[in-house]
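J.: One predicted model, sequence on top.
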Amino acid sequence: MPSKESTYELQIDLKAEKGQEKDSMNRKTPTSVAALENLGRVRLSQSFYFRDFLYSEIANFYGIPNIPEDPELAIRFGTRLCEELLEPLQQTFGRIAIRSAYRSPTINGKGNEKGHNCGSNESNYAAHIWDKNDADGFGGAMACVVVPWFTERYERGEDWRALAYWIHNHLPYSTLTFFPRLCAFNIGWHERPTRSIFSYIAPKGRLLAGELPDPKYAHFYPEFPALRVSSAITRGIPKARMPMRPIGSRAGADGCEIDQNGRMTNGRIMLELLGDEPDVSHTSLALARELGLPKNVLDRLQGPGKGSSKSDADSE
């Protein structure tokens, strides 16, 4: 009998070959308990199911159901959030706790109206509201999480920036926002990531905006574990969707190098750039070369007439 892990991999691989999302059913807004239970059973990644993200104190207090208006869209972007951000965090640091995740437009609107630390609906599209694209038409998903492994260190005085820089150097996040209690943080996946980090913990304010991974930040987290991504996760995600690849070493068949214990053999990971015109305004030419960025990016960093040919310029 195949293991649960291999069965999960097979399910994903078969659906990927057919060009389908994780759940290919034509799902509509649940209108019965049974339909809502079925939505909760949708598996977003190796460890997470949709039900894990539906709990809401606002929904409980005001008696308003927290139910997606567009389950297909919520599943699509919730899957990316789980597979590419939450799953690697949990594999590396142990169990993570979900504080707040999916909010329906109704729930988020009520939270904003009553002053419960919810931004406007428009600012939460493609963030906590997984089933609405943002004003530019792009999608995403966000969750507020706690990493107990780090919370214990934080309560003993460790700088929140240690975790922020670790995530920055290892995972393809879009936004991170840190909060004082438990060092909880919002972590967002987005089709067009901004890679921005903000904190309400001292030192408060913007930490990074649009920067690529950089080895110089590693001194903030010398005692952190190396990134762990189980073979089930790497084999389960289609190659075109693998979020990471090693810097300075040959990528394995799965898009990253994993040893027999499921540990990355090269801990320095970079984001797979999205789109033809990534923002490299904060990137030095030397770092870009080290990261193995494509030739068109190197040419733009060098400037006009310093290595780009007319044919290269025409092809961009």
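T.: It's in. The structure presented is a predicted model; accordingly, all values stated were derived computationally and were not measured.
J.: residues contacting the nearest residue to F53 once chain neighbours are set aside?
T.: Leaving aside its sequence neighbours, F53 sits nearest to A101 (C-beta to C-beta, 6 or more residues apart in numbering; 3.6 Å). From N, CA and C alone the C-beta is placed, and that goes for glycine too. For A101, the contacting residues are 52-55, 128, 142-144, taking C-beta atoms under 8 Å, 6 or more residues apart in numbering as the criterion.
J.: If we use 10 Å, what do you get?
T.: Contacts for A101 (C-beta atoms under 10 Å, 6 or more residues apart in numbering) come out as 48, 50, 52-56, 66, 78, 81-82, 86, 128, 130, 141-145, 186.
J.: Tell me the buried residues within the residues you listed.
T.: 48, 50, 52-54, 56, 66, 78, 81-82, 86, 128, 130, 141-145, 186 (16 or more other C-beta atoms under 10 Å).
J.: Assign a three-state SS to A135, would you?
T.: Per DSSP: H, G, I helix; E, B strand; the rest coil, the secondary structure class of A135 is coil.
J.: which stretches of this structure aren't confidently modelled?
T.: Low-confidence segments of the chain, defined by pLDDT under 70: 1-26, 230-316.
J.: again, only this time at 90
T.: Counting by pLDDT under 90, the chain has low-confidence residues at 1-31, 228-316.
J.: What ranges does the stretch 51-200 of the chain have for its helices?
T.: Taking DSSP state H, counting those that start in this stretch, the helices of the stretch 51-200 of the chain run over residues 57-62, 71-81, 87-93, 105-113, 121-124, 148-155, 161-170.
J.: May I have the phi/psi pair for the closest residue to Q91 other than its chain neighbours?
T.: For Q91, ignoring the flanking residues on the chain, the nearest one in space by C-beta to C-beta, 6+ apart is R228 at 4.4 Å. Main-chain dihedrals, R228, degrees, to the nearest 10: phi -120, psi 130.
J.: again with L208
T.: Dihedral pair for L208: phi -140, psi 160, per degrees, to the nearest 10.
J.: circling back: give me the beta-bridge partners of the residue nearest to Q91?
T.: Using DSSP bridges, the bridge partners assigned to R228 are R263.
J.: before we move on, what about S199?
T.: Counting by DSSP bridges, the residues bridging with S199 are F178, G205.
J.: can you pull the contacts of it?
T.: With C-beta under 10 Å, 6+ apart, S199 has these contacts: 160-161, 164, 176-180, 183, 185, 205-207.
J.: Many thanks, have a good one.
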